[in-house]
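Novice: show me how the following folds:
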Amino acid sequence: MAKEHIRSWQVGEVKISRLVEIWDFQDDMHMTMPDATPEEVIALDWLHPHYATPDGRQRMNFQGFLLQTPTHTIVVDTCIGAGRQRDFDVFCNLPEGFLEDLGHLGVTREHVDVVFCTHLHFDHVGWNTYKCPETGEYKPTFPNARYLFGKTEYAAWQDTIRNDGVHSDTHMVESVDPIVALGLADFIDANHQVAPGVRAEPSHGHTPGHIHVVIDSQGQRAVLTGDLMHHPMQCAMPSRHATFDMDKPAGAATRQAFVDKYRDSGTMVIGMHFFEPTAGHFETADDGETWFHGLGL
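Specialist: Numbering: from 1, shown residues only. The predicted structure is shown next:
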């Protein structure tokens with residue numbers, strides 16, 4: 001994706017940068033919430049024009065993030081990957097813009113110390129590996145990094161999900177299995193300290209053992225949501241079921257707790273799939289409802 005879509009935010013000593021692979025993907029809100037209606041989307045004025053179309057469709061990105069701390073260079077979720085074949089055309093045969101954007105930020109593949117995967121869906125692990133043109137093998141994109149996979153998440157995929165006849169495991173074969181086979185993976189607990197000022201936080205529901213990222217530095221805080229929510233509309237109605245949550249009641253409870261914890265707290269919330277502005281705050285509106293106030297709006 002073009003470098004003009006890179007955005008960076010400073011949280012104390014930690015610089016957070018957005019790496020967009022698919023920009024302004026539009027679809028029915030059913031993609032996020034199965035019972036949502038266009039009328040509901042249209043009625044929420046604060047969603048427009050940045051997060052919804054005039055006819056009530058959602059706008060979103062597929063993106064990952066780079067964290068640059070005084071001691072570590074961390075990639076959080078590695079998007080879809082170039083030249084892959086996935087279940088929907090929009091995700092197939094993507095270009096190599098993800099690595100180009102890292103280069104625009106002055107980061108090479110060798111600079112990355114840690115790759116943190118909030119969960120193991122295909123659009124969050126793709127650039128864990130790249131396809132070697134000479135051999136066709138999938139090799140680690142970031143050769144000097146430790147790859148952090150949630151212990152519960154990985155076990156669920158191995159024990160059940162990749163063999164359930166519902167979920168494809170092609171992305172596991174290409175982007176996770178090679179990392180594990182080379183001994184580059186660390187299987188972490190849900191409260192793992194990733195680096196000074198950067199830690200995991202549990203958010204089970206979207207997947208078993210889903211985790212997201214909290215940054216605390218010099219009295220400032222930000223959270224990267226992972227897929228505990230996909231769209232800002234969900235902060236207004238967090239207890240509604242989400243289409244792609246594997247455990248829908250747990251996902252709804254997790255979202256509600258997340259919104260309750262970070263609403264009116266001053267914490268910067270960075271949505272893994274939020275369109276522009278991607279970062280903002282959960283705030284209580286005059287009518288008592290929660291809304292997402294994107295930075296710069």
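Novice: endpoint to endpoint, stretch 88-100 covers what distance?
Specialist: One end of stretch 88-100 to the other measures 24 Å (C-alpha to C-alpha, to the nearest Å).
Novice: show me what that stretch is in contact with.
Specialist: Applying C-beta atoms under 8 Å, 6 or more residues apart in numbering, the external contacts of stretch 88-100 come out as 1-3, 19, 21-22, 25, 62, 64, 78-86, 109, 122-123, 127, 141. Any C-beta I mention is one placed from the backbone N, CA and C, and that applies to glycine too.
Novice: same deal with stretch 33-40?
Specialist: So stretch 33-40 is in contact with 28-30, 55-57, 231, 233-234, 237, 240-243, going by C-beta under 8 Å, 6+ apart.
Novice: identify those among those that sit within strands.
Specialist: 28, 57 (DSSP state E).
Novice: nearest to residue 269, of the contacts of stretch 33-40?
Specialist: residue 234 (11.4 Å; C-beta to C-beta).
Novice: can you count the residues close to the closest residue to that closest one other than its chain neighbours?
Specialist: Leaving aside its chain neighbours, residue 234 sits nearest to residue 255 (6.1 Å; criterion: C-beta to C-beta, 6 or more residues apart in numbering). Look at residue 255: counted by other C-beta atoms under 10 Å, it has 25 neighbours.
Novice: just checking, residue 255 touches residue 228?
Specialist: Yes: taking contacts as C-beta atoms under 8 Å, residue 255 lies within contact range of residue 228: 5.9 Å.
Novice: overlap in contacts, the two.
Specialist: residue 205.
Novice: in the stretch 1-150 of the chain, which spans are helices?
Specialist: With DSSP state H, counting those that start in this stretch as the criterion, the stretch 1-150 of the chain has helices at 38-43, 97-104.
Novice: the longest helix in this structure is where?
Specialist: Counting by DSSP state H, the longest helix found in the chain is helix 248-262.
Novice: return the set of buried residues in that one.
Specialist: 248, 250, 251, 252, 254, 255, 258, 259, 262 (16 or more other C-beta atoms under 10 Å).
Novice: what of stretch 125-138?
Specialist: Quick answer for stretch 125-138 (16+ other C-beta under 10 Å): 125, 126, 127, 128, 129, 130, 138.
Novice: how about it as PDB, C-alpha atoms only?
Specialist: C-alpha atoms of stretch 125-138 as PDB (Å, rounded to 0.1, in the frame of the first residue of the first chain):
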ATOM      1  CA  VAL A 125      -0.200 -13.800  10.100                       C
ATOM      2  CA  GLY A 126       0.500 -13.500   6.300                       C
ATOM      3  CA  TRP A 127       3.800 -11.600   6.400                       C
ATOM      4  CA  ASN A 128       5.200 -13.900   9.100                       C
ATOM      5  CA  THR A 129       6.700 -15.600   6.000                       C
ATOM      6  CA  TYR A 130       7.600 -15.000   2.400                       C
ATOM      7  CA  LYS A 131       7.700 -17.400  -0.500                       C
ATOM      8  CA  CYS A 132      11.200 -18.000  -1.700                       C
ATOM      9  CA  PRO A 133      11.100 -17.600  -5.500                       C
ATOM     10  CA  GLU A 134      13.900 -20.200  -6.100                       C
ATOM     11  CA  THR A 135      12.500 -23.000  -4.000                       C
ATOM     12  CA  GLY A 136       8.800 -22.100  -3.400                       C
ATOM     13  CA  GLU A 137       9.400 -22.600   0.300                       C
ATOM     14  CA  TYR A 138       7.900 -20.300   2.900                       C
END
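Novice: now do stretch 148-168: distance to the chain's middle.
Specialist: In terms of C-alpha atoms, centre = their mean, to the nearest Å, the centre of stretch 148-168 is found 18 Å from the chain centre.
Novice: quick one: the residue lying closest to residue 243 once chain neighbours are set aside from residue 240, how far?
Specialist: Leaving aside its chain neighbours, residue 243 sits nearest to residue 34 (5.0 Å; criterion: C-beta to C-beta, 6+ apart). From residue 34 across to residue 240, the span is 9 Å (C-beta to C-beta, to the nearest Å).
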